[in-house]
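>>> Show me how the following folds:
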Amino acid sequence: MQNKNIYFTFTTNGLLLTEDILQYCKNNNIKFMLSIDGNKESQDATRKYKNNNNSTFDKLSENIPNILKYFPNTTARLTIDVNNISYLADSIKYLDEIGFQNCHVVPDVFSSWSSEIE
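Numbers count the residues shown, from 1 in each chain. As a prediction, the model looks like this:
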């Protein structure tokens, strides 16, 4: 495959991205999209640890500065459902404030949407 570019990419919740892993990804041109649903309220509405139901927000917030240091153009991937759509505007503002340049908003098509959003 001459003159072709091949990229390795993945989507991650970012919880296990240590500095060593980030350095490895950078050195090997591996890119990723960060699955974060936005501010603490939005993240807590849908993303908790399965073993204890605690928030993933604090651990992810600790990792974000290193993630953006190594990959300043990382895309934040927000999954929106009926539990967190009310936080969408605040979440995008929050992500902008902490340094994300790109946000990819994806509706959860399996969520039980209604014609009225509270």
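>>> Ser115 versus Arg77, what's the distance?
26 Å (C-beta to C-beta, to the nearest Å). For every residue, glycine as well, the C-beta is placed using N, CA and C.
>>> which one of those two has more residues nearby?
Using other C-beta atoms under 10 Å as the criterion, Arg77 and Ser115 rank with Arg77 on top: 19 against 4.
>>> My guess is the more buried one contacts Met33. True?
Yes: here Arg77 reaches Met33: they are 4.7 Å apart, a contact under C-beta atoms under 8 Å.
>>> shared neighbours of the two, anything?
Common contact partners of Arg77 and Met33 (C-beta atoms under 8 Å, 6 or more residues apart in numbering): Thr11, His104.
>>> Toward the C-terminus, what is the element adjacent to the host helix or strand of Lys59?
For Lys59, the element it lies in under DSSP states H and E is helix 57-70. Note on helix 57-70: by DSSP H and E, the next helix or strand toward the C-terminus is strand 75-80.
>>> So what's the residue count around Tyr70?
Around Tyr70 sit 17 other residues, with neighbours defined as other C-beta under 10 Å.
>>> Report pLDDT for it.
Looking at Tyr70, its pLDDT reads 97.
>>> With Asn52 instead?
We note a pLDDT of 89 for Asn52 in this prediction.
>>> Begin at 30, not 1, for the rest of this chat.
Happy to do that; since the first residue is 30 now, the last one works out to Asn81.
>>> Any idea how many residues pack against it?
If you count neighbours by other C-beta under 10 Å, Asn81 ends up with 7.
>>> thinking again about what came up before, give me the buried positions along the helix holding Lys88.
Using 16 or more other C-beta atoms under 10 Å as the test for burial, helix 86-99 gives Phe86, Leu89, Asn92, Ile93, Asn95, Ile96, Leu97, Tyr99.
>>> Tell me the predicted confidence for Ser143.
pLDDT, Ser143: 81.
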